[in-house]
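K.L.:
below: sequence and its predicted model.
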Amino acid sequence: MSENLLEVRNLKKYFPITAGLLRRTVGHVKAVDDVSFTVRTGETLGIVGESGCGKSTTGRMIMRVLEPTSGEIVFDGQDITKLRGKELRAVRPKFQMVFQDPYASLNPKMGIEEIIAEPLIVNGVNRKQATERVIHLLERVGLRADDRNRYPHEFSGGQRQRIGIARALALNPKLIVADEAVSALDVSIQSQILNLMMDLKKEFNLSYIFISHNLAVVRHISDRVGVMYLGHMVELADKRSLYADPRHPYTEALLSAAPEPKRQGRRERIILQGDVPSPANPPKGCPFHTRCPKVMDICKVERPALKQVAPNHLVACHLYN
Amino acid sequence: MAEPLLAIKNLKTYFISKDAEVRAVDGIDIEVQPRQVVCIVGESGCGKSMTSLSIMRLVPKPKGKIVDGEIWFNGRDLLKLSEDEMTDVRGNEISMIFQEPMTALNPVLTIGEQITEVLLRHRKMTKRQALAKAIEMLQFVGVPRASEIVHEYPHQLSGGMRQRVMIAMAMVCEPKLLIADEPTTALDVTIQAQVLELMKKMREDFNTSIILITHDLGVVADMADHVVVMYAGQVVESTDADSLFAEPTHPYTKGLLASIPSLEEEKDVLYSIPGTVPDAAAFPKGCRFADRCPIAQPSCREKMPELREVKPGHLVRCDLV
Ligand SMILES: Nc1ncnc2c1ncn2[C@@H]1O[C@H](COP(=O)(O)OP(=O)(O)O)[C@@H](O)[C@H]1O
Ligand SMILES: Nc1ncnc2c1ncn2[C@@H]1O[C@H](COP(=O)(O)OP(=O)(O)O)[C@@H](O)[C@H]1O
Ligand code: SF4
Ligand code: SF4
Ligand SMILES: [Mg+2]
Ligand SMILES: [Mg+2]
């Protein structure tokens, strides 16, 4: 339980902004800017933050579908940052992704069997074994064996998400990155999928990176949670510690803004002013200083480092220096 | 109780085509008192948007039809008004805002042109007066640089700002009723908090009644005076907000509340409502929730339960509670 399945070190992704006929680079979108964290075997790490803060970009770099600008990704003891071709294909089955809109990631012209079997066939499993595996997976995610002969459009949103999960499981991965996997679903279906994912995790000994903008969902499924803001990890802690005792002013505001479905004992809401600044032109110093209710002079010039302030609780904020 | 501002009686809105009759709204009764915030909550497809479009008489033609019912607003049945009379009501006495502001904003007109257009249609004003009023309204809803933004186009603004512009446009004639259909669903939580705060201010300063449509019970708890829970085109529970959260009574309402993960407490296993909503073109006989209900009895499938008063002011459509 304590060994690290994934180590992410100083990961950065700067997307170039080009202009003019020659498409000269005139600046960069700093989508992910020096992010480090680990995922232990069997653990679920939640990543929360508002849209554009770099969650998906982080996930896609770990999946090796997006080239990092710099930094290292160590998976299962192996540095996979620079792997190419055959070497990369050899490790790929070990990490898989589940998306928000499974429909967009499922080829509408392919039947369900083909969709789920594709990664198996590519990896040299024969037809007959592949079909057996597809049936097993479908039943395991709550669909029927017969469903393999149908097409994506014949399924509801929740069922499609089950198909996406079955496909991700096909090659026995160790890590699944779920990017807003339940965000488009109604709450009654959302809880079906969350329960399924938690059961599968135990059964297949999986680790998850669970990316979502929904703080309550992340609390439910995660062991530890990281909070991102404008490409930075601003707080990273055990979930109990993070939700009971948020230290970063942004985490505090985020938690207070999310409405709980209850009338009694509601928390005081911290209303942040303004919008998130553009990652093409991020503020100097602390990325949150333009909206922070507790901003100090030093925040405008010096970037706070992510530091341990309590057991298993890291925060990047000058208030804790 | 005072005379309601809006009283919907036995409203039925269907989509009728050669081979199907989709009963989107199937006999609902809803009342809205002056200055009251009524939330309509339920999962996708249960008829929330068609209810609001019916009030505005904007049901998609030609298939969509209001086939029965009355909508009393301020002493008149809106369903009996001529198209011209209805045009005077829309944007003036009743306004609507949407999840996606671009459905309400015209991309080729400046912000100023769109807001003054509403004023010039409904109020005796010069263009100059209308522009001054538009700027004043934009300032009121918290748009910075309002006197410059009136000359800009919708695509130049952030999502949160567009939402504010749409609210300014909806509120500029100080309507008696604002219908907000999932106005914060696409927004990040910190921006959602700003918009919800703004809607409260609207009610305070203009005495506007609000119908707030949402699938988020957290938003309901934050905003509602009265709550209407819809399922499969019908009202299944209707009561004041405190009772709804203290004593949710319909099995569907209870199931929804139990399915939501909490920010504040650990839930080991989430309840999940099995199955999915029935097809609106082929509702089953009897109770429409029976296939998903944990306490269903054979009798539930025989006879449609009536909406009945289980406590003063607390209506529930279930025979077994
Ligand atoms: N391919 C790309 N080119 C340029 N900018 C991008 C690209 N992908 C993402 N971005 C930008 O990077 C930032 C982070 O995006 P993303 O990782 O998708 O955020 P999140 O998933 O947290 O919403 C955003 O500002 C986004 O616009
Ligand atoms: N243009 C349309 N044609 C046919 N059916 C429609 C149309 N729009 C909505 N419906 C159906 O009407 C029902 C209610 O839809 P809607 O009011 O949009 O639900 P909600 O807003 O609660 O998600 C659904 O079953 C939906 O499929
Ligand atoms: S470093 Fe300063 S600006 Fe940043 S979160 Fe802490 S107090 Fe606020
Ligand atoms: S009438 Fe029967 S099936 Fe319907 S909600 Fe009540 S108990 Fe459940
Ligand atoms: Mg994303
Ligand atoms: Mg709707």
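P.N.:
Everything's here; your move. Residues are numbered from 1 along each chain as shown, chains lettered A, B, ... in the order given. Ligands and ions are numbered 1, 2, ... in the order given.

K.L.:
and the pLDDT for residue A:296?
P.N.:
With respect to pLDDT, residue A:296 has a value of 98.

K.L.:
got a list of what residue A:189 touches?
P.N.:
A:156-158, A:161, B:276 (C-beta atoms under 8 Å, 6 or more residues apart in numbering or on different chains). Placement of C-beta: from N, CA and C, glycine included.

K.L.:
need the buried ones from those residues selected in PyMOL.
P.N.:
A single PyMOL command selects the buried members of these (16 or more other C-beta atoms under 10 Å in any protein chain shown):
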select buried, (chain A and resi 157+158+161) or (chain B and resi 276)
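
K.L.:
now the contacts of residue A:189 in a markdown table, with secondary structure?
P.N.:
Compiled in a markdown table, the contacts of residue A:189 are given as follows (DSSP: H, G, I helix; E, B strand; the rest coil):
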| residue | secondary structure |
| --- | --- |
| A:156 | coil |
| A:157 | helix |
| A:158 | helix |
| A:161 | helix |
| B:276 | coil |
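
K.L.:
reformat the contacts of residue A:189 as JSON lines; add distance to ligand 4 and pLDDT.
P.N.:
Below are those laid out as JSON lines (distance: C-beta to the nearest ligand atom, whole Å; pLDDT from 0 to 100):
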{"residue": "A:156", "distance to ligand 4": "21", "pLDDT": "87"}
{"residue": "A:157", "distance to ligand 4": "24", "pLDDT": "88"}
{"residue": "A:158", "distance to ligand 4": "21", "pLDDT": "91"}
{"residue": "A:161", "distance to ligand 4": "26", "pLDDT": "93"}
{"residue": "B:276", "distance to ligand 4": "16", "pLDDT": "88"}
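
K.L.:
for the contacts of residue A:189, name the two members farthest from one another.
P.N.:
Greatest spacing in the contacts of residue A:189, by C-beta to C-beta: A:161 and B:276 (12.4 Å).

K.L.:
just the element for the closest residue to residue A:80 other than its chain neighbours, please.
P.N.:
Spatial nearest neighbour of residue A:80, excluding adjacent residues (C-beta to C-beta, 6 or more residues apart in numbering or on different chains): residue A:73 at 5.4 Å. Remark: residue A:73 resides in strand A:70-75, with elements defined by DSSP states H and E.

K.L.:
now for that strand, which elements pack on it?
P.N.:
Using 3 or more C-beta pairs under 8 Å, 6 or more residues apart in numbering or on different chains; DSSP states H and E, the elements in contact with strand A:70-75 are strand A:4-19, helix A:55-62.

K.L.:
how big is the angle separating that strand from helix A:55-62?
P.N.:
For strand A:70-75 against helix A:55-62, the angle by axes from the mean of the first three to the mean of the last three C-alpha atoms, to 10 degrees is 70 degrees.

K.L.:
buried ones in strand A:70-75, by neighbour count?
P.N.:
Here strand A:70-75 shows A:71, A:73-75 as buried, counting by 16+ other C-beta under 10 Å.

K.L.:
with stretch B:303-313 instead?
P.N.:
Applying a neighbour-count criterion of 16+ other C-beta under 10 Å, one finds B:304-305, B:307 buried in stretch B:303-313.

K.L.:
OK, contacts around residue 227?
P.N.:
The chain I'm using is chain A. A:47-49, A:233-236, A:242, A:248, A:250-251, A:254.

K.L.:
hmm, I had chain B in mind actually
P.N.:
Contacts of residue B:227 (C-beta under 8 Å, 6+ apart): B:38-39, B:41, B:220, B:237-241, B:244.

K.L.:
could you measure the residue lying closest to residue B:289 once chain neighbours are set aside against ligand 2, distance?
P.N.:
Of all residues not flanking residue B:289 in the chain, residue B:252 sits nearest, at 5.2 Å (C-beta to C-beta, 6+ apart). Per C-beta to the nearest ligand atom, to the nearest Å, residue B:252 is found 14 Å from ligand 2.

K.L.:
likewise residue A:93?
P.N.:
39 Å.

K.L.:
what kind of secondary structure is the closest residue to that residue other than its chain neighbours in?
P.N.:
In this structure, residue A:93 finds its nearest non-sequential neighbour in residue A:171, 3.7 Å apart by C-beta to C-beta, 6+ apart. Under three-state DSSP, residue A:171 falls in the coil class.

K.L.:
I figured residue A:171 hits residue A:120, correct?
P.N.:
Yes - at 6.8 Å, residue A:171 counts as touching residue A:120 under the criterion of C-beta atoms under 8 Å.

K.L.:
tell me which of these two has more neighbours.
P.N.:
Between residue A:171 and residue A:120, counted using other C-beta atoms under 10 Å in any protein chain shown, the more crowded position is residue A:120 (21 against 17).

K.L.:
related to what we said a few turns ago, will you turn the contacts of residue B:227 into JSON lines that also has distance to residue B:292, secondary structure and pLDDT?
P.N.:
Converted to JSON lines, the contacts of residue B:227 look like this (distance: C-beta to C-beta, whole Å; DSSP: H, G, I helix; E, B strand; the rest coil; pLDDT from 0 to 100):
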{"residue": "B:38", "distance to residue B:292": "25", "secondary structure": "strand", "pLDDT": "98"}
{"residue": "B:39", "distance to residue B:292": "22", "secondary structure": "strand", "pLDDT": "98"}
{"residue": "B:41", "distance to residue B:292": "17", "secondary structure": "strand", "pLDDT": "98"}
{"residue": "B:220", "distance to residue B:292": "21", "secondary structure": "helix", "pLDDT": "98"}
{"residue": "B:237", "distance to residue B:292": "15", "secondary structure": "strand", "pLDDT": "98"}
{"residue": "B:238", "distance to residue B:292": "20", "secondary structure": "strand", "pLDDT": "98"}
{"residue": "B:239", "distance to residue B:292": "21", "secondary structure": "strand", "pLDDT": "98"}
{"residue": "B:240", "distance to residue B:292": "26", "secondary structure": "strand", "pLDDT": "98"}
{"residue": "B:241", "distance to residue B:292": "24", "secondary structure": "helix", "pLDDT": "98"}
{"residue": "B:244", "distance to residue B:292": "20", "secondary structure": "helix", "pLDDT": "98"}
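
K.L.:
I'd guess residue A:34 is in a strand, am I close?
P.N.:
Yes - counting by three-state DSSP, residue A:34 is part of a strand.

K.L.:
give me the spatial nearest neighbour of whichever residue of the stretch 1-150 of chain B sits closest to ligand 6, chain neighbours excluded.
P.N.:
In the stretch 1-150 of chain B, the residue that lies nearest ligand 6 is residue B:49 (3.2 Å; C-beta to the ion). Among residues not flanking residue B:49 along the chain, residue B:181 sits closest, at 5.6 Å (C-beta to C-beta, 6+ apart).

K.L.:
show me the contacts for the one you found.
P.N.:
By C-beta under 8 Å, 6+ apart, the residues touching residue B:181 are B:48-49, B:52, B:96-99, B:213.

K.L.:
can you list those residues in JSON lines and add neighbour count, pLDDT and secondary structure?
P.N.:
Converted to JSON lines, those look like this (neighbours: other C-beta atoms under 10 Å in any protein chain shown; pLDDT from 0 to 100; DSSP: H, G, I helix; E, B strand; the rest coil):
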{"residue": "B:48", "neighbour count": "23", "pLDDT": "97", "secondary structure": "helix"}
{"residue": "B:49", "neighbour count": "19", "pLDDT": "96", "secondary structure": "helix"}
{"residue": "B:52", "neighbour count": "21", "pLDDT": "97", "secondary structure": "helix"}
{"residue": "B:96", "neighbour count": "23", "pLDDT": "96", "secondary structure": "strand"}
{"residue": "B:97", "neighbour count": "23", "pLDDT": "95", "secondary structure": "strand"}
{"residue": "B:98", "neighbour count": "22", "pLDDT": "90", "secondary structure": "coil"}
{"residue": "B:99", "neighbour count": "17", "pLDDT": "88", "secondary structure": "coil"}
{"residue": "B:213", "neighbour count": "24", "pLDDT": "97", "secondary structure": "strand"}
